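Trainee: need a structure here:
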Amino acid sequence: MSPTLSLLSREDCEKILHRSVDSGQLLSYKIRKFHDDVAGFLGEHYQLTLKYNTKNTTNQSTYFIKALPLGNLNQLDYVQESGIFRKEVILYQNLLTELIKIGNFGPKCYFIKDSCIVLEDMKAKGFEMMPKEEYLDDLHCIAMLKTLAKYHSSTIIYERKRNIKLDEKFQEEIKETCFSFIEGQPRHKWCVCVTKCVNDLIKLLPIENCDAICAKFEKFVFEKMPQMLAPSKQFTNVLTHDDLWCNNLLFNDKPECVFVDFQLARYTPPALDFLISLFLNLQYSHVEENLSKFVDIYYSFLVEALKKNNLDERELSRREFDETLGFYKLAALTETAMYATHIYVSEKLSNEIVADFHSYNEFSFINRSKFAVKEFQDNSQYRDRLCGILKPLVEELNGAPPCRDL
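Mentor: Next up is the predicted model:
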């Protein structure tokens, strides 16, 4: 039996129909590959179509399936060893579904099993990704910040209503899956590989004392980032997304925004998520010039969501949020730079990498620099986007005057 046919049984589909439609009798179901612009490595994407009868009328509903890469054993071994897919499964099972009911920030989940998650088809509801090669305009940025505020506030509301902290009850669900600082683990190999890649790209910038800066960066990643990515004992923590680049943001034409792909979620102060989302999707200079405006917008939406649930700004004061912006700035620049080495590569190179296991393995865990340095030299758009984040990273590490233009 093919992996596609084994994903869901008729009984599974009847449960999905019952949970998503008021009433109906299942007639048939069909699963086909979901045509993403970019192939996925951490999972396969499918569309489920259910045909059903309601009051003598034939209807049809579609759903989005995110599944383990069952057709590729090399990919499957990595995804299972890293625990990334399982994390999203248990997040939806135990926590995320309840938070979405509060904050309405992501697609509804209708069915979960170890090998797949069946979600609301947001494309059928008019949501789609923005072009990868473009920065967000202010209108879409505000939509993103509104959803970010609803997402972050949902944790505060959930915790207050139940008188719990997420890190007390959901330790497995909030476990760090992006960075690992334990030698031998797949994500530790990723950390080492990508840290070296960022440093190799920094060396292409026309800056002085480059070796010292690269040493500072490596030290920060392996000595300071473990503390930055852990729940804070000093500041308010919420469930954060930490991977809000354009492929994980869907917009409709209003525009409204929803978030997808929560496998890297963690429990940290919201400022880290806030800064990463801006650094990944806007020009850094635009963020710097408009930061106070973006903070005002985000914080007003946050307080609005809290007040709708009989809470107020005392749950997360503006003073605390402003303090954490400075505290987490270098961590946000660090994580953005590491992500940027991958997410800004051309569509062509991205598909070539994920289509071949050996290329993906080399890119992710052995020698990303081999791909990124060539892309930096040959692709002006990649070079411009990388420089846009590497230069402020260097300034933050160095405390020196700005880098010269290339």
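Trainee: which SS class is the residue nearest to the spatial centre of the chain?
Mentor: Nearest residue to the geometric centre of the chain (CA atoms, centre = their mean): Asp243, 2.3 Å. Under the three-state scheme (DSSP: H, G, I helix; E, B strand; the rest coil), Asp243 adopts coil.
Trainee: Tell me which residues touch it, please.
Mentor: By CB atoms under 8 Å, 6 or more residues apart in numbering, the contact set of Asp243 is 178, 261, 263-264, 339. Every C-beta, even on glycine, is put in place using the N, C-alpha and C of the backbone.
Trainee: Of those residues, which is the nearest to Leu275?
Mentor: Distances from Leu275 to the contacts of Asp243, taken as CB to CB, are shortest for Tyr339 (12.6 Å).
Trainee: which other helices and strands contact the helix or strand harbouring that closest one?
Mentor: Here Tyr339, judged by DSSP states H and E, is contained in helix 329-343. On a contact count with 3 or more CB pairs under 8 Å, 6 or more residues apart in numbering; DSSP states H and E, helix 329-343 meets helix 186-202, helix 225-228, helix 270-281, helix 368-378, helix 380-398.
Trainee: which of those is buried the deepest?
Mentor: helix 270-281 (a mean of 25; mean count of other CB atoms under 10 Å).
Trainee: buried stuff in whichever helix or strand comes after that one?
Mentor: Next helix or strand after helix 270-281 toward the C-terminus (DSSP H and E): helix 284-307. Using 16 or more other CB atoms under 10 Å as the test for burial, helix 284-307 gives 284, 286-287, 290, 294-295, 297-299, 301-303, 305-306.
Trainee: How about the backbone phi and psi for Glu128?
Mentor: phi -150, psi 170 (degrees, to the nearest 10).
Trainee: Cross-check the contact I'm expecting between it and Leu250.
Mentor: Yes: counting by CB atoms under 8 Å, Leu250 is a contact partner of Glu128 at 6.2 Å.
Trainee: Those two: which is more packed in?
Mentor: Leu250 (23 against 11; other CB atoms under 10 Å).
Trainee: Now name the helix or strand holding the more buried one.
Mentor: strand 249-251.
Trainee: which residues touch that strand?
Mentor: So strand 249-251 is contacted by 122-123, 127-130, 140, 143-144, 257-260, 281 (CB under 8 Å, 6+ apart).
Trainee: now with 6 Å?
Mentor: By CB atoms under 6 Å, 6 or more residues apart in numbering, the surrounding residues in contact with strand 249-251 are 122, 127, 140, 144, 257-258.
Trainee: Write the PyMOL selection for whichever of these are buried.
Mentor: Per 16+ other CB under 10 Å, the buried members of those correspond to this PyMOL selection:
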select buried, resi 122+127+140+144+257+258
